[in-house]
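Engineer: Need a 3D model of the following:
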Amino acid sequence: MDLHTRQQTECPGSFTQWTSKPHKPYSSGPLRLPSMRPSMDCRSFASPAVEQFIANTSQQINSADIRQLFANTMASTLDTAIAWHNGEFTFVITGDINAQWTRDSTNQLLPLLPHVQKDVELQKLVAGLVNMQAEQLALYPYANAYQPPERSGLAPAENSWAKSDRAIPSFDPDQVFEAKFEIDSLAAFLKLSTAYWRQTKAMDYVKMDQWKNAVVEILGLLVKLQQPTYDSDGKLTDAVFSFSRTSGSGTETSFGHGRGNPVRRTGMVRSLFRPSDDSVVFPFFVPGNAMLAVELENLARMLQAMNVMAEERQKAQKLANEIRQGITDYAVYQHPKYGPVYVYETDGYGSHLIMDDANIPSLLSLPYLGYVSISDSVYQNTRKLVLSADNPWYFSGSSLAGIGSPHTGFRKVWPMAVAVQALTSESKEERVKAIEVLASTTGGLGLMHESADVDDPTKYSRPWFAWCNGVFSELIVDTVERFPGSI
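Structural biologist: Below you'll find the model as predicted:
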């Protein structure tokens, strides 16, 4: 039987269905977690360097259950989510939705970057994603998710909303899966680009003319999005982008007839949606701005080291400085219980939204993003707030406690938030506890899910959610390195 025949007869027809059921062999630990890796012939990409790293790291993990969970999650994107790669471009699906989110795809491949110098094909895969994102952003920079390119031969994913969504500028639903503008999508492209450069000390396999055009487009857009809603005469300024959707859920559309609630100039950049794909209340989404500031600084350092794009380097650094100052001036609130804390959203008028959402970027993730140190006093105050009942989206039950999201409703915690809580903790005990909780709340399926019920983790959303698998694998690697023998 040839490879093509084996794939047709033996490989899962749907990984969404396949990841909803456990598969042998099971771990020998008390949780008996299944192996959720498809057979070699059915994997979407194979990297010998990553396989060797999984084997080496697994030898440093005492728990058989966590070893199994680490192997499942570290390999998840390579095993199942590389939908198309032709050596120059890479299309990475988020999992159970056959579209590429800029944010998700970046985070799916970031944990693999340390291994690219040992595997040239893996390096080409990552560079291919940089190229794909640059092409997509040049096509339509306001989208959060894109369809596969026509030349891939992949059919466009079905999005019943897209054909009736009202966006200005308009978009082609055969090219754009969803046109919710989220500033962290732009930051994610910059993050993948600069991380790739730091790892390789070069931009080999990256189509630089296309990449430079994307950078110029992003910087120009960010400057426009700093402007206030009203000019000095009280007249409306250019909205730059607007998005409206007819929906029974308020989080699916935007205030102000699609342009968002009013803002004053602060130095920060406006967004219409959060990384959860839910609409913002106040357009200055603070965690997204914090991520932008960090990645603009990284971009400026990269351009200086490469001795290219001097004008864009200066613009990136200026933007980063203005965003940081805007956060300091407008996004720190004197809380009556916790003292000075970062707010989740603001508008420059004095309005503040006190909450946190599980999705990265979040307030909890600020040190993970590189915006502040873990010991920063304002961050520590904020951390205490968002990991308590004073955060309206923090939930606690008999099986799970942590931050959830309006995206999935009440009493559901996102494993991603539990992983970020551990990644931003200096405490070995807090990390180990978080890992044990995550291992015990997969619903017996050996993978991270989008969300899980705090009292019954067999009630979960999204069985195939590759982004969170990547974040969990980062947590395991970091914990093994920092606290040997702890898990």
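Engineer: residue contacts, the closest residue to residue 278 other than its chain neighbours?
Structural biologist: Spatial nearest neighbour of residue 278, chain neighbours left out: residue 251 (3.9 Å); criterion: C-beta to C-beta, 6 or more residues apart in numbering. Placement of C-beta: from N, CA and C, glycine included. Residues counted as contacts of residue 251 (C-beta atoms under 8 Å, 6 or more residues apart in numbering) are 278, 279, 406, 407.
Engineer: Now the host helix or strand of residue 471: buried residues?
Structural biologist: Following DSSP states H and E, one finds residue 471 within helix 466-482. By 16 or more other C-beta atoms under 10 Å, the buried positions in helix 466-482 come out as 466-477, 479-480.
Engineer: follow-up on the earlier one: want to try TSV for the contacts of residue 251, with pLDDT as columns?
Structural biologist: Shown next, in TSV, are those (pLDDT from 0 to 100):
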residue	pLDDT
278	97
279	98
406	97
407	97
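Engineer: Format these as CSV; extra columns: secondary structure, neighbour count and distance to residue 53.
Structural biologist: Compiled in CSV, the contacts of residue 251 are given as follows (DSSP: H, G, I helix; E, B strand; the rest coil; neighbours: other C-beta atoms under 10 Å; distance: C-beta to C-beta, whole Å):
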residue, secondary structure, neighbour count, distance to residue 53
278, coil, 20, 35
279, strand, 24, 39
406, coil, 17, 37
407, coil, 21, 32
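Engineer: Report the two of these separated the most.
Structural biologist: Within these, 279 and 407 form the most distant pair, 10.6 Å apart (C-beta to C-beta).
Engineer: Just give the number of residues close to the residue nearest to residue 379 when sequence neighbours are not counted.
Structural biologist: In space, and not counting its chain neighbours, residue 379 is closest to residue 372: 4.8 Å by C-beta to C-beta, 6+ apart. Around residue 372 there are 17 other residues, counting by other C-beta atoms under 10 Å.
Engineer: isn't residue 372 right up against residue 380?
Structural biologist: No. With contact defined as C-beta atoms under 8 Å, residue 372 does not reach residue 380; the gap is 9.5 Å.
Engineer: re earlier: roughly how far is the helix holding residue 471 from the heart of the chain?
Structural biologist: Helix 466-482 has its C-alpha centroid displaced from the chain centroid by 14 Å (C-alpha atoms, centre = their mean, to the nearest Å).
Engineer: Pull it out as CSV, backbone CA atoms only.
Structural biologist: Extracted as CSV, the C-alpha positions of helix 466-482 are listed here (Å, rounded to 0.1, in the frame of the first residue of the first chain):
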residue,chain,number,x,y,z
ALA,A,466,-3.2,24.4,18.8
TRP,A,467,-2.3,27.8,20.2
CYS,A,468,-3.0,26.8,23.8
ASN,A,469,-1.1,23.5,23.3
GLY,A,470,2.0,25.6,22.3
VAL,A,471,1.7,27.8,25.5
PHE,A,472,1.5,24.7,27.7
SER,A,473,4.6,23.3,26.1
GLU,A,474,6.4,26.6,26.7
LEU,A,475,5.4,26.3,30.4
ILE,A,476,6.8,22.7,30.6
VAL,A,477,10.1,23.6,28.9
ASP,A,478,10.6,26.7,31.1
THR,A,479,9.8,24.8,34.3
VAL,A,480,12.1,22.0,33.5
GLU,A,481,14.9,24.5,32.8
ARG,A,482,14.3,26.7,35.9
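Engineer: how about the strands in the stretch 201-350 of the chain?
Structural biologist: With DSSP state E, counting those that start in this stretch as the definition, the stretch 201-350 of the chain shows strands at residue ranges 242-244, 284-285, 332-335, 339-342, 345-346.
Engineer: so can I have TSV of these showing distance to residue 42, mean neighbour count and mean pLDDT?
Structural biologist: Below are the strands of the stretch 201-350 of the chain laid out as TSV (distance: least, C-beta to C-beta, whole Å; neighbours: other C-beta atoms under 10 Å; pLDDT from 0 to 100):
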stretch	distance to residue 42	mean neighbour count	mean pLDDT
strand 242-244	38	20	97
strand 284-285	39	31	98
strand 332-335	50	16	98
strand 339-342	44	20	98
strand 345-346	43	26	98
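Engineer: Save the ones you listed as a markdown table, and put in distance to residue 256 too.
Structural biologist: Converted to a markdown table, the strands of the stretch 201-350 of the chain look like this (distance: least, C-beta to C-beta, whole Å):
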| stretch | distance to residue 256 |
| --- | --- |
| strand 242-244 | 8 |
| strand 284-285 | 14 |
| strand 332-335 | 23 |
| strand 339-342 | 25 |
| strand 345-346 | 14 |
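Engineer: can you give me the helices for the stretch 251-400 of the chain?
Structural biologist: 286-306, 310-330, 366-369, 377-386 (DSSP state H, counting those that start in this stretch).
Engineer: most tightly surrounded among those helices?
Structural biologist: Across the helices of the stretch 251-400 of the chain, averaging neighbours per residue (mean count of other C-beta atoms under 10 Å) puts helix 286-306 on top, at a mean of 24.
Engineer: in the stretch 151-300 of the chain, which ranges drop under the pLDDT threshold?
Structural biologist: Across the stretch 151-300 of the chain, no stretch falls below the confidence threshold (pLDDT under 70).
Engineer: what about 80?
Structural biologist: Counting by pLDDT under 80, the stretch 151-300 of the chain contains low-confidence ranges at 163.
Engineer: how much space is there between the residue nearest to residue 330 when sequence neighbours are not counted and residue 358?
Structural biologist: Among residues not flanking residue 330 along the chain, residue 266 sits closest, at 4.6 Å (C-beta to C-beta, 6+ apart). From residue 266 across to residue 358, the span is 26 Å (C-beta to C-beta, to the nearest Å).
Engineer: for residue 17, same thing?
Structural biologist: Look at residue 17 and residue 358: by C-beta to C-beta, they are 25 Å apart.
Engineer: who has more neighbours, the two?
Structural biologist: More crowded of residue 17 and residue 358, by other C-beta under 10 Å: residue 358, with 30 against 12.
Engineer: hey, what's residue 244 bridged with?
Structural biologist: Bridge pairing for residue 244 (DSSP bridges) gives the partners residue 166.
Engineer: Next one, pLDDT for the closest residue to residue 449 other than its chain neighbours please.
Structural biologist: Computed as C-beta to C-beta, 6+ apart, the closest residue to residue 449 that is not its neighbour in sequence is residue 460, at 4.0 Å. Confidence at residue 460, expressed as pLDDT, is 97.
Engineer: The nearest residue to residue 161 once chain neighbours are set aside and residue 180, how far apart?
Structural biologist: Using C-beta to C-beta, 6+ apart and skipping residues adjacent in sequence, the residue nearest residue 161 is residue 245, 6.0 Å away. Here residue 245 is placed at a distance of 9 Å from residue 180 (C-beta to C-beta).
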